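Enquirer: make a model of this:
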Amino acid sequence: MPQVELYTDGAAKGNPGPGGYGAILRSGSQEKEFSGGFYHTTNNRMELMAVIVGIEALKVSGCEVLVVSDSKYVVDAFLKHWIDGWKRRRWAKVKNPDLWKRLLKAMEPHKVDFQWIKGHNEHPENERCDQLAVAASHAPTQQDFGYQPSDQGLGL
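Expert: Numbering: from 1, shown residues only. Below you'll find the model as predicted:
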């Protein structure tokens, strides 16, 4: 089983606002970086996108993937089994169901584990992912069509 490390981070200015993700995918001596920016999104959506893009980039099935992220939102969804309850409730009252479903589909052919690390704590890969995410947020090129703004406070 190929061993893969996936380091990820997301960023959004204004939250919601312009956002970006950064990811580093590493297997042995091979390494690849990914990033992308969106015009209007949230930090949590970008945290999810970083993981999704990294896992979707895997070219072979059956990888053993360790996702290392500073996002409690992403990591706790799996380590605290929130995702199981969300699926049982058919995604009722869950934010970002489009991305959670996409992530679950991407994970299917692999064994994926999650590890939380403290962000902005001089972890080299996390710092690099943050740089990629922030740079992408400053130069967005895509629309986040799945982003659903809350109607709270908008007078709707």
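
Enquirer: for the rest of this, base every contact and every neighbour count on C-alpha atoms.
Expert: Will do.

Enquirer: low-confidence regions, this structure specifically.
Expert: 150-156 (pLDDT under 70).

Enquirer: please enumerate the helices of it.
Expert: Taking DSSP state H as the criterion, the chain carries its helices at 43-56, 72-79, 82-88, 97-107, 124-138.

Enquirer: thought residue 72 was touching residue 116?
Expert: Yes. In this structure, residue 72 is within contact of residue 116 by Cα atoms under 8 Å, at 6.8 Å.

Enquirer: and residue 94, how many neighbours?
Expert: 13 (other Cα atoms under 10 Å).

Enquirer: nearest to residue 37, out of the helices of the chain?
Expert: Across the helices of the chain, residue 37 has its closest neighbour in helix 124-138 (4.4 Å, Cα to Cα).

Enquirer: tally of neighbours for residue 51?
Expert: 28.

Enquirer: the closest residue to it other than its chain neighbours bridge partners, please.
Expert: Closest residue in space to residue 51, ignoring its immediate chain neighbours: residue 8 at 6.2 Å, by Cα to Cα, 6 or more residues apart in numbering. Judged by DSSP bridges, the bridge partners of residue 8 are residue 23, residue 69.
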